[in-house]
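A.B. asks: Give me coordinates for this.
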Amino acid sequence: MTNYGAAELASSFRTVRNNTLVIANEIPENKYGFAPVTGWRTVAEMLKHVAWAHMTYEDMHVTRRLATLTGYDFPAIFAKRLEKEHQQMNKAQIIDLLRREGDRVAAWLATLDTAFLNETFTDVIGQNPKTRFENMLAIKEHEMHHRGQLMLIQRMIGIVPHLTREREERARQRAMAAAAATAAGAKK
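C.D. replies: Residues are numbered from 1 along each chain as shown. Coordinates of the predicted model:
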């Protein structure tokens, strides 16, 4: 059996956030106002959304330590989060926010003990129990969802995403090594 607990959750969240930070740094500031279609978040709005999305999880599981989401005031926490997301910020401020909140959330995730992660809570109708751990995974899954959107935006503005560049470089190196091995074998 593989153990995946708070330390692994924090580490994987750090990996996700670091990849988001690379993208945030690579997109030029003059493209932070870009939205691929009307009604979609701009780059800046999406990055701020990613930076503050954890607020809901912290409110439900730590501040209130809810056993059920029945009666939970989703509009209130969303309004609080949206107030933060709507603050005017430049690229440097957004990147700093992503870094600071990422470090804080990763440190917080690392402190969660097994008993807490194994606690269950129910949905808004008091059914369908799931563990807090399962819900904590959604913090990084949510960010990965938006990071995929940001990578598509990178393509739209002419940037090959760093993960694609890295994969292509590994493939190039493997091809060169295979060609060198073939050439060395032919000399024998």
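A.B. asks: Just give the number of residues close to residue 26.
C.D. replies: By other C-beta atoms under 10 Å, the residues close to residue 26 number 15. Any C-beta I mention is one placed from the backbone N, CA and C, and that applies to glycine too.
A.B. asks: Tell me the spacing between it and residue 106.
C.D. replies: According to C-beta to C-beta, to the nearest Å, residue 26 and residue 106 sit 22 Å apart.
A.B. asks: so which strand or helix has the spatially most central residue of the chain?
C.D. replies: With the centre of the chain defined as its mean C-alpha position, the nearest residue by C-alpha atoms, centre = their mean is residue 143, 2.6 Å away. Take DSSP states H and E as the rule and residue 143 turns out to sit in helix 132-156.
A.B. asks: For that helix, list every residue counted as buried.
C.D. replies: By 16 or more other C-beta atoms under 10 Å, the buried positions in helix 132-156 come out as 132-133, 135-136, 139-140, 142-143, 146-147, 150-151, 153-154.
A.B. asks: model confidence over that helix, on average?
C.D. replies: Averaging pLDDT along helix 132-156 yields 95.
A.B. asks: hmm, who's touching it?
C.D. replies: Identification of contacts with helix 132-156 by C-beta atoms under 8 Å, 6 or more residues apart in numbering yields 5, 9, 12-13, 16-17, 19-20, 23-24, 26-27, 31, 34, 36, 43, 46-47, 49-50, 53-54, 57, 60-61, 105, 109, 112, 116-121, 160-161, 163-164.
A.B. asks: Filter these down to just the buried residues.
C.D. replies: Buried by 16+ other C-beta under 10 Å: 9, 12-13, 16-17, 19-20, 23-24, 27, 31, 43, 46-47, 49-50, 53-54, 57, 60-61, 105, 109, 112, 116-117, 121, 161, out of the contacts of helix 132-156.
A.B. asks: Low-confidence regions, this structure specifically.
C.D. replies: Scanning the chain with the threshold set as pLDDT under 70 gives 1-2.
A.B. asks: show me where it has strands.
C.D. replies: 120-121, 130-131 (DSSP state E).
A.B. asks: Now render those as JSON lines, adding distance to residue 101.
C.D. replies: JSON lines is the format used below for the strands of the chain (distance: least, C-beta to C-beta, whole Å):
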{"stretch": "strand 120-121", "distance to residue 101": "24"}
{"stretch": "strand 130-131", "distance to residue 101": "24"}
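A.B. asks: now for these, which one comes closest to residue 74?
C.D. replies: With C-beta to C-beta as the criterion, residue 74 lies closest to strand 120-121 of those, at 14.2 Å.
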